[in-house]
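> build the 3D model from these lines:
(3 chains)
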Amino acid sequence: MMNRRNFLKKAAAASAMAAAATMIPGILFASDQIDKKLSGDINWTKGPCRFCGVGCGVLIGTQKGKAVAVKGDPNCSVNKGLLCVKGYHQIMCTSSADRLTKPLVKKNGKYVETSMEEALDLVASKMKETIEKHGKDSVAMYTSGQSTIPEGYVASKFMKGAIGTNNLDCNARLCMASAVTGFLTTFGADEPMGCYEDIEHANVFVLWGNNMAEMHPVLFSRMLDNRLNRKNVKIIDLATRTTRTSKAADKSILFKPQSDLAIANAICYELINNGWVNNSFVEKHIAFNKGKTNIGYGLEDKFKFKDKATPIDFDQYKSFLEDYRPDKVEAITGVSAKDIKYLASLYGDPNLKVVSFWCMGMNQHTRGTWINNLVYNIHLLTGKISQPGNGPFSLTGQPSACGTAREVGTFTHKLPKGVVMNKKHRELAAKIWKVPYERIPDKPTYHATEMFRAVDRGDIKFIWTQVTNPLVSLPKTSRYRPAMQKDSCFVVVSDVFPTPTSDVADVILPAAWHVEKSGLYGNSERRTQYWDKMVEAPGEAMPDAWMTIEIARRMGYGDLFPYSKENHHEEIYNEYRQFHAGKKHNMAPLEVLKKQSGVIWPYIEETGKSTQWRFNSKYDPACNQDKDFDFYGKPDGKAVIWQRPYEPAPEIPDNEYPFWLNTGRVIEHWHTGSMTRRIPVLHQAVPNAYVELHPDDAKQMGIRNKQKVKVISRRGTTILPASINERGLPTKGQVFVPFFDESMMINDVTLDAFCPISKEPDYKKCAVRIEKV
Amino acid sequence: MKQGYVIIGFWIVLLIAAGFIVKASLTEEQALNYSEIIAEPATNALPVEEGMFRLAGSAKAFLQRPNMGATSTNLEEYYKRRAFPGAPPIIPHPTEEAHSMGGNDCLQCHQNGGYVDEYKAFAPITPHTEYINCKQCHLPVNTTGVFKPNRWKKTDAPEAKQQALLGSPPIIPHSLEMRNNCLACHAGPSAPAEIRVSHPDRVNCRQCHALNDNAKNTTKIWTR
Amino acid sequence: MPIKSYVAFPRKGEKEQLIKVLENTKHCEVLPATNKEVLVLVTDTKDDQQEEALQQILDSIEEIEHLNLVSGFSEKIT
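Next comes the predicted model:
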């Protein structure tokens, strides 16, 4: 997209040419001259970064219709001009030679290039035919926390409103679902109450299993900056592995996998035992509940679980915590009672402001909902919440996990506002979508893992994936890859590059990348960010939202999708905004988002301001103004402290499989690496995955650095080079593998157990053995 | 010339009637199109002034620093380390302890520069010592291969050829984000010879060198 | 911050020379007609001072026969 000044120049040039033409008939100007001559300067256009959930503001430099440079947006309060190495080089992936530019249709086992028209016709007719033969619940769509808000919205409207099936889920199930259920069970309202500005106010940062130096580097730098500039700032790294974050932290505490549940309860025990509870806060704003225990791990197909909340009182909660006296849990946690008491003293000191950060360590957890609840308990007991510098802060991994997956609700149970199980919510959706409300089914169907199990069983016969690469990112791909290859399911994959998922597709649709389309993302701090299309997509590549609309029209739902090709993103956003009208979730109007580098919802119409701290009546007009705090997500305005015990992981190392396997990321690569591996600077730094071993373990097995070893579990095997004393240092008896590498598939090895409440798989814990090759 | 470009607009004719014959006959006020723009709300920008004088104390030393027979980087090499002008440079030498932090590691050499015998070169000075998570932006090169071939074309580096008057001080042709300490790259033996300044002891660089910073007025979006 | 466009008529036979001169003049961008002795000039200056300086330069260019202002855009930032 040209900037304003260039636009004016072009307009001026065009007028002059027209004038010349009237004076001198037959005069000619070379058609490409305008672009060549007038765009020698680099034009900078604002937008959010394509990668993680931090949502840094970037300025994309374009020249002669091409993206040529990236820099941090100094006007964006998230990053104030700073980026990480992925952000700086993001546009370089688009020039990858294997970019998908034409639709590919599999004919007799070979991919044949077709026109977009033909490919869309084929997909629509297949989908229609499958519904006619096997019913609405035989087709499914699997989208992404990287889908833009308009993309997620039309997917939801298409599946739930037009077709009338809840077979829509997304990859955010694999990263944020436990955060959502944590928020909903404790507060009744999703997403963090605070914002990134908390970093400038806090004295103590406790990082719960979160290697922020690599995963949220810009926020980490903001934290380090803050420590440098102010006295009395401490960073505590609480993790199962020594990382760059541990090195930069003031204190590193290592614990045994799964035992964070016990640590959180032990901290609460200490808070109560030492009289550090903020009694007036607890009396006014807290209710106590317990839920079911021994809740299972979801390892079997069609697993079902429903939690039940039972009210308890403070004394019952207190006696429950007796089992978590710090010295009693040392054996479970591997953390000394002294360290737990130290942590409790930081949370308990009324003069210290404390922020807890976490991301996948707590979310990808078979008790993910519980551990989210338990960390909230600490902040609720001490009243350290919803104030500048005080609060629990759940970070996200994808750029629009909040904005699209959670707020638009591209999950099987969700609607743009509320859930399918609620009649009122269905009625609201039906009204805005202009469909009969009976069409939206009232029961959720498949969550991510179960969706691919259903493909394997043959229950789902048509699946369309957008903006994601499940055959690298799902757990236990050793089951789901063969499942997707079965003839029983017709697979459509929309993507920018070929991936292991597109390798099994029957139709591959080429998608426009980030700055090749206009869109909106929503980051971890409830900030909605808009960007304008800056360059043309190559070949026939198309925005994902427009593909969905084209398919919907071909299936006869055209009247529900009356959007224009040029401006559909704006029309869709304006329609979507109606869902969140009201003080509690008001989204900023488009005109405001175009001018600013993002706005935090709830957007206050009267003042034109963001709400930085929710549930605190000082900052949040949605609160009952007679109270100092109002947790208005719950009918009684009270947040819930949940009694949740420690329960062990589903698969624990034994004699046959003696090591814990932990998986994750490195700073250079993002998600499944389909973009970052195509950026030479990033690939050249980390060209392949590896398995980190503790030096003692390596020595005992006679494994040298870079030597190839086999990582074997009950599900599968992969071969990787060993990494000893390099990027990270796992504890003894544990190994770590980054998951980005499609040629060293660690997810063939992982376990597809999940949190029974959130249905989010645990990628951080399973048992493996290591063999030399 | 293959294709012609002709635009005919009726409204233009009216304009021509008035505008023809006299040299520059229309004043700006009479000209056709005026557009209003909605002003950007003021935000706290990255303080581009910060760090400007950080190396001022050692400015005199830059003049006196002997070359030690070191091979100094040339501008070509300087840009070779960047994916595009303005991108963070790669780390061109082996590094130890991948999980260490800048304060204990990289900054030992790159905070104030100095001669490194091992490389027979002066360590370049970072313009932003306040950021210590160096590998957030700077990566080592562990392989020369690529995952997939890439058609990326680097844009030309900006040149300081624009001078307002003959002999007047050249303008600063690049933006200053992450690079607001001029001396770090433009002074001393570690600076590429082509962009090394002859007068580092003047320290107040922007007293004479103006910034061609067009980023500010281009972040806006065209609204009708 | 005016942006202006002109139709410029060079002196006879001096079109190429004029293009060169204008191309080397700051704030100027030239779009010559491919088949006639005419060219379009777009100027882009930061402020009134710059604009005035440019006007003086344009006035002094000898290769220009006529210079016709066609349109002007002005941005007023409040």
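
> could you pull out the strands in chain B for me?
Counting by DSSP state E, one finds strands in chain B at the ranges B:114-116, B:121-123.

> most packed of those?
strand B:121-123 (a mean of 19; mean count of other C-beta atoms under 10 Å in any protein chain shown). C-beta coordinates here come from the backbone N, C-alpha and C atoms, glycine included.

> just to revisit the earlier point, could you dump the strands of chain B into JSON lines with distance to residue A:417 added?
Below are the strands of chain B laid out as JSON lines (distance: least, C-beta to C-beta, whole Å):
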{"stretch": "strand B:114-116", "distance to residue A:417": "61"}
{"stretch": "strand B:121-123", "distance to residue A:417": "57"}
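
> right, so of those, which gets closest to residue A:42?
The closest of the strands of chain B to residue A:42 is strand B:121-123. By C-beta to C-beta, the value is 30.2 Å.

> what strands line up against that closest one, and which way round?
Strand B:121-123 pairs in its sheet with strand B:114-116 (antiparallel), by DSSP bridges.

> what average pLDDT does the partner strand get?
The average pLDDT for strand B:114-116 rounds to 84.

> next: stretch C:50-64.
Per-residue pLDDT over stretch C:50-64 has a mean of 87.

> does any bit of that stretch sit next to chain A?
No. Remark: stretch C:50-64 sits outside contact range of chain A, by C-beta under 8 Å from any C-beta of the partner chain, the gap being at least 13.9 Å.

> what lies in contact with that stretch?
For stretch C:50-64, contacts defined as C-beta atoms under 8 Å, 6 or more residues apart in numbering or on different chains pick out B:23-24, B:28, C:2, C:8-11, C:14, C:17-18, C:21-22, C:25-28, C:43, C:45, C:67.

> swap the cut-off to 7 Å and go again
Contacts with stretch C:50-64, where a contact means C-beta atoms under 7 Å, 6 or more residues apart in numbering or on different chains, come from C:2, C:8, C:10-11, C:14, C:17-18, C:21, C:25, C:27, C:43, C:45, C:67.

> got the contact list for stretch A:696-707?
By C-beta under 7 Å, 6+ apart, the surrounding residues in contact with stretch A:696-707 are A:693, A:709, A:721, A:722, A:723, A:724, A:732, A:770, A:772.

> max pairwise distance over those: which two?
A:721 and A:732 (20.2 Å).

> so for those two, which residue has more residues nearby?
Neighbour count, other C-beta atoms under 10 Å in any protein chain shown: between residue A:721 and residue A:732, residue A:721 has more, with 15 against 12.

> tell me the secondary structure at that one.
Using DSSP: H, G, I helix; E, B strand; the rest coil, the structure places residue A:721 in strand.

> hang on, it packs against residue A:711?
No. Look at residue A:721 against residue A:711 with C-beta atoms under 7 Å: they stay out of range, at 11.1 Å.

> just the ones of the contacts of stretch C:50-64 in strands?
C:8, C:10, C:43, C:67.

> may I see those residues organised as TSV, with pLDDT, distance to chain B and neighbour count added?
Supplementary listing: the ones in strands among the contacts of stretch C:50-64 in TSV, determined by pLDDT from 0 to 100; distance: C-beta to the nearest C-beta, whole Å; neighbours: other C-beta atoms under 10 Å in any protein chain shown:
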residue	pLDDT	distance to chain B	neighbour count
C:8	91	10	26
C:10	90	13	22
C:43	89	11	24
C:67	86	5	17
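
> quick one: residue A:207 from chain C, how far?
43 Å (C-beta to the nearest C-beta, to the nearest Å).

> so what's that residue bridging to?
Per DSSP bridges, the residues bridged to residue A:207 are residue A:237, residue A:357.

> I figured it hits residue A:355, correct?
No. The pair residue A:207 and residue A:355 fails to qualify as a contact (C-beta under 7 Å) at a distance of 9.4 Å.

> out of the contacts of stretch A:696-707, which comes closest to chain B?
Closest approach to chain B among the contacts of stretch A:696-707 (C-beta to the nearest C-beta): residue A:723, at 9.0 Å.

> who's in contact with the closest one?
Per C-beta under 7 Å, 6+ apart, neighbours of residue A:723: A:690, A:691, A:692, A:705.

> at 10 Å instead, please
Counting by C-beta atoms under 10 Å, 6 or more residues apart in numbering or on different chains, residue A:723 makes contact with A:689-693, A:698, A:705-707, A:729-730, A:735-738, B:98.

> only the buried subset of these, as a PyMOL command please.
The following PyMOL line selects those of the contacts of residue A:723 that are buried, judged by 16 or more other C-beta atoms under 10 Å in any protein chain shown:
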select buried, chain A and resi 689+690+691+692+693+698+729+730+735+736+737+738
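
> can I get the CA coordinates of stretch A:732-745 in PDB?
What follows is stretch A:732-745, C-alpha atoms only, in PDB (Å, rounded to 0.1, in the frame of the first residue of the first chain):
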ATOM      1  CA  LYS A 732      19.300 -34.600  35.200                       C
ATOM      2  CA  GLY A 733      16.900 -37.200  33.900                       C
ATOM      3  CA  GLN A 734      15.300 -34.800  31.500                       C
ATOM      4  CA  VAL A 735      15.800 -34.000  27.800                       C
ATOM      5  CA  PHE A 736      14.600 -31.100  25.700                       C
ATOM      6  CA  VAL A 737      13.800 -30.900  22.000                       C
ATOM      7  CA  PRO A 738      12.600 -27.800  20.000                       C
ATOM      8  CA  PHE A 739       9.600 -28.800  17.800                       C
ATOM      9  CA  PHE A 740      10.100 -26.600  14.700                       C
ATOM     10  CA  ASP A 741      11.900 -29.100  12.600                       C
ATOM     11  CA  GLU A 742       9.800 -31.100  10.200                       C
ATOM     12  CA  SER A 743      12.600 -33.400   9.300                       C
ATOM     13  CA  MET A 744      13.200 -34.300  13.000                       C
ATOM     14  CA  MET A 745       9.600 -34.700  14.200                       C
END
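
> and it, what's its mean pLDDT?
Throughout stretch A:732-745, pLDDT has a mean value of 97.

> same check, this time on stretch A:652-664
Averaged over stretch A:652-664, pLDDT sits at 98.

> cool, and stretch A:108-116?
Mean predicted lDDT for stretch A:108-116 stands at 96.

> domain ranges for chain A, per the record?
Split into domains by automatic domain parsing, chain A comes to A:4-95, A:104-172+A:399-562, A:177-297+A:306-395+A:632-643, A:659-772.

> quick one: is the second one near chain B?
Yes. Residues of domain A:104-172+A:399-562 are located near chain B by C-beta under 10 Å from any C-beta of the partner chain, namely A:497, A:498, A:530, A:531, A:532.

> and that domain, end to end?
End-to-end distance for domain A:104-172+A:399-562, by C-alpha to C-alpha, to the nearest Å: 28 Å.

> also the last one?
End-to-end distance of domain A:659-772 (C-alpha to C-alpha): 14 Å.

> quick check: beta-bridge partners of the nearest residue to residue A:20 once chain neighbours are set aside?
The shortest distance from residue A:20 to any non-neighbouring residue, by C-beta to C-beta, 6 or more residues apart in numbering or on different chains, is to residue C:7 (4.7 Å). With DSSP bridges as the criterion, residue C:7 is bridged to residue C:40, residue C:68.
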